[in-house]
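> this one's sequence-less:
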């Protein structure tokens, strides 16, 4: 068979494996047959499989599971049907497994998930994922939660003057800077054409202010004179409404944007 087929004794020892199974795990047959499952797979993967094998021995019923086979050349994924084999006395003396590789399907599923949760231009999370995380945090124990809102100033003017490719380059640069200055647990998202938002769980106002200052310093260090970003932030204590704090951060961002406009007008008058 081109599909992996293998069988177990009750203690997790391989009673039989075919060539397709051996090729799939990347080991010769003699390193699998009469060896225990923990000799073939990492502990967690082995435990996951053996839990199902034990259940089939105990309940004498078929079970279907999805499994991952770690390999140096890339993980492979399988749907495995785990079936009991009965003796003449109707006892389960062997469990036989038949697998079907679904690696290509799994890769497509993972890519579809990535596309549905990420912004294609910047690689950040998209608005849908941001809103899902915002809703999740409302019922979490990760307070205080701070929110940062960023808006790229004059993006339309850049698009009109230099083309959308120049505008896209600015957006990608802002995304890269935000990602670089945030922690792995922070949710950095592009929530609109020129607008970004960051959820910072377990983050008070002072720490959020420090993060914003780092972002501004990073932005100001860039040589691109068209890169101007307005930033606002606010914090939700445990009993505060995250939706209201989102509005506060947005208002804070627009106040800074107004200040940037005033500064630009003054500069134009001076010149």
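Looks like it came in fine. Worth saying up front: this structure is predicted, and the values here are computed from it rather than measured.

> C-alpha from now on. contacts and neighbour counts both.
Noted.

> looking only at pLDDT, what's the mean for the lengthiest helix in the chain?
Looking across the chain with DSSP state H, the single longest helix is helix 242-270. Mean per-residue pLDDT for helix 242-270: 85.

> ok now it, how far from the chain's centre?
Relative to its parent chain, helix 242-270 has a centroid offset of 32 Å by Cα atoms, centre = their mean, to the nearest Å.

> elements contacting that helix?
Helix 242-270 sits against strand 145-152, strand 229-236, with contacts defined as 3 or more Cα pairs under 8 Å, 6 or more residues apart in numbering; DSSP states H and E.

> Can I take it that residue 104 is in a strand?
No. Using DSSP: H, G, I helix; E, B strand; the rest coil, the secondary structure at residue 104 is helix, not a strand.

> Could you report the neighbour count for it?
Neighbour count of residue 104, defined by other Cα atoms under 10 Å: 11.

> about what we covered before: show me which positions of the longest helix of the chain end up buried.
By 16 or more other Cα atoms under 10 Å, the buried positions in helix 242-270 come out as 242, 245-246, 248-254, 256-257, 260.

> closest to residue 141 among the residues you listed?
Sorting the buried residues of helix 242-270 by distance to residue 141 puts residue 242 at the head of the list, at 13.2 Å, by Cα to Cα.

> Identify the residues contacting that closest one.
134, 138, 236 (Cα atoms under 8 Å, 6 or more residues apart in numbering).

> Work out for me the element the residue nearest the centre of the chain sits within.
Central residue of the chain (Cα atoms, centre = their mean): residue 114, 7.6 Å from the mean position. In the assignment (DSSP states H and E), residue 114 maps to helix 103-117.

> ranges for the helices of the stretch 51-200 of the chain?
Along the stretch 51-200 of the chain, counting by DSSP state H, counting those that start in this stretch, helices occupy 103-117, 127-138, 155-162, 164-181.

> Tabulate those (JSON lines), appending mean pLDDT and distance to residue 39.
JSON lines is the format used below for the helices of the stretch 51-200 of the chain (pLDDT from 0 to 100; distance: least, Cα to Cα, whole Å):
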{"stretch": "helix 103-117", "mean pLDDT": "93", "distance to residue 39": "23"}
{"stretch": "helix 127-138", "mean pLDDT": "95", "distance to residue 39": "40"}
{"stretch": "helix 155-162", "mean pLDDT": "91", "distance to residue 39": "58"}
{"stretch": "helix 164-181", "mean pLDDT": "95", "distance to residue 39": "40"}
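
> So which of these is nearest residue 84?
helix 103-117 (25.8 Å).

> Return the list of helices and strands in contact with that closest one.
strand 76-86.

> Check which residues of stretch 41-61 are buried.
Using 16+ other Cα under 10 Å as the test for burial, stretch 41-61 gives 41, 45-46, 49-50, 52-54, 56-57, 60.

> can you list contacts of that stretch?
Residues from elsewhere that reach stretch 41-61 (Cα under 8 Å, 6+ apart): 8, 10, 12, 37-38, 40, 62-63, 67-69, 82-84, 92-95.

> Now with 7 Å, please.
10, 12, 37-38, 62-63, 83-84, 92, 95 (Cα atoms under 7 Å, 6 or more residues apart in numbering).

> what's the most buried one of the helices of the stretch 51-200 of the chain?
Of all the helices of the stretch 51-200 of the chain, helix 164-181 has the most neighbours on average by mean count of other Cα atoms under 10 Å, namely a mean of 17.

> Can you name every helix or strand that that helix contacts?
Counting contacts by 3 or more Cα pairs under 7 Å, 6 or more residues apart in numbering; DSSP states H and E, helix 164-181 packs against helix 155-162, helix 205-220.

> Can you give the distance from the longest one to the centre of its chain?
Read that as helix 205-220. Its chain's C-alpha centre and that of helix 205-220 lie 24 Å apart, by Cα atoms, centre = their mean.
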